[in-house]
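1. A structural model of the following input is requested.
(2 chains)
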Amino acid sequence: QITLKESGPTLVKPTQTLTLTCTFSGFSLSTSGVGVGWIRQPPGKALEWLALIYWDDDKRYSPSLKSRLTITKDTSKNQVVLTMTNMDPVDTATYYCAHWEYSSSSFDIWGQGTMVTVSS
Amino acid sequence: QSALTQPASVSGSPGQSITISCTGTSSDVGGYNYVSWYQQHPGKAPKLMIYEVSNRPSGVSNRFSGSKSGNTASLTISGLQAEDEADYYCSSYTSSSLVVFGGGTKLTVL
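-> This is a model prediction of the structure:
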C-alpha cells in the first residue's frame, strides 16, 4: 500500500524559504518508472503542478516557478524535499505530494496535503 | 505553459449524464494520450479517476469514462449520483516533459 505524507511549517514570513518534506512508504524511488511530484492549491483555486523527480534523479519544474524551486530525493529515507525561495503571500496554499506513475503519466496516489500560510 | 481550459461549472440531475471538457494544445492534450482526470471533494486530496485518456484505476466506478478528440479531452459521468458532486481537474503530460492541470470544474448534482 502506497502512502505519502507532507510535513513542514504551517506559517512562513514573506521572503523566507519554504522547505517541505514528503515521506512515503510502499514504494522505492530507486525503482525504475517511479516519480514523486509536488502540486499546490491556493484556497478556493485550482491545482497547480510545481515539480517532479524521477527514480533516475531527472527533475522537472513548472516554468513559471523554476527559478524558485528545488526538488531532491533521499532514497534511503524514502523522502522527497521541495524548497521554494522568496515566499510571498500569493504562495499561500495547500501543498500536496503525490506518487507519479511513469507508464501512465499520472499522479495515482496523493498525500493528504499540508497548508502553508505566508504572512508577516 | 498555460493551464488547460475547463468549464467553471456543470450541473445535472441524479441519473443523468454530464460531460466535462478539457481543452489544450497539440503540445499537451492533442499530442499525447496522457490525459488524467482527478476528483476532489471539499477539504480532501484529489483522487485519480481516469488515466491515459480513458483508463480507470481499480476501484473507480465504470460510470466514469474518458475520451479525446484532437486537442480536447472529455470526462463523462453517467448515472449521476449525489456523491459525484465535487471538483474535477484534468491534467496532461506535455511536450516539454512537464505536467499541466486544468482550471477545474465544479460539478453540482441538482
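
2. which residue sits farthest out from the middle of chain B?
-> In chain B, the residue that sits farthest from the middle, by CA atoms, centre = their mean, is B:Ser96; the gap is 21.4 Å.

3. bridging residues for the residue nearest to the spatial centre of chain A?
-> Nearest residue to the geometric centre of chain A (CA atoms, centre = their mean): A:Trp38, 2.7 Å. Note on A:Trp38: beta-bridge partners A:Ala51, A:Cys97, judged by DSSP bridges.

4. what sits against it?
-> A:20, A:22, A:49-52, A:71, A:80, A:82, A:95-98 (CB atoms under 8 Å, 6 or more residues apart in numbering or on different chains). Where you see a C-beta, it was placed from the backbone N, CA and C, and this is true even at glycine.

5. need the residues of chain A near chain B, please.
-> By CB under 8 Å from any CB of the partner chain, the part of chain A that sits against chain B consists of A:37, A:39, A:46-49, A:52, A:60-63, A:96, A:101, A:104-113.

6. for stretch B:18-28, buried residues please.
-> When burial is assessed from 16 or more other CB atoms under 10 Å in any protein chain shown, stretch B:18-28 yields the following buried residues: B:18, B:20-25, B:27-28.

7. ditto for stretch A:6-24
-> Here stretch A:6-24 shows A:6, A:8, A:12, A:18, A:20-24 as buried, counting by 16+ other CB under 10 Å.

8. burial count for B:Ser69?
-> B:Ser69: 10 surrounding residues under other CB atoms under 10 Å in any protein chain shown.

9. and it, how far is that from A:Thr31?
-> Separation of B:Ser69 from A:Thr31 (CB to CB, to the nearest Å): 35 Å.

10. same question, B:Gln39
-> 27 Å.

11. equivalent analysis for B:Met49, please.
-> B:Met49 is 25 Å from A:Thr31, by CB to CB.

12. more crowded one of the two?
-> B:Met49 (21 against 10).

13. A strand includes the more buried one, no?
-> Yes: counting by DSSP: H, G, I helix; E, B strand; the rest coil, B:Met49 is located in a strand.

14. just confirm it contacts B:Tyr38, I think it does.
-> Yes: with contact defined as CB atoms under 8 Å, B:Met49 and B:Tyr38 form a contacting pair (6.3 Å).

15. what do those two both touch?
-> Counting by CB under 8 Å, 6+ apart, the residues touching both B:Met49 and B:Tyr38 are B:Tyr88.

16. contacts only, for A:Asp57.
-> A:Lys73.

17. follow-up on the earlier one: filter the residues of chain A next to chain B down to just the ones in strands.
-> A:37, A:39, A:48-49, A:52, A:60-61, A:96, A:101, A:106-110 (DSSP state E).

18. now list the buried members of those.
-> Looks like those have A:37, A:39, A:48-49, A:52, A:60-61, A:96, A:101, A:106-107, A:109-110 buried, using 16+ other CB under 10 Å.

19. sorry, back to before: ok, so of the buried residues of stretch B:18-28, who is nearest chain A?
-> Among the buried residues of stretch B:18-28, B:Asp28 lies closest to chain A (CB to the nearest CB), at 10.9 Å.
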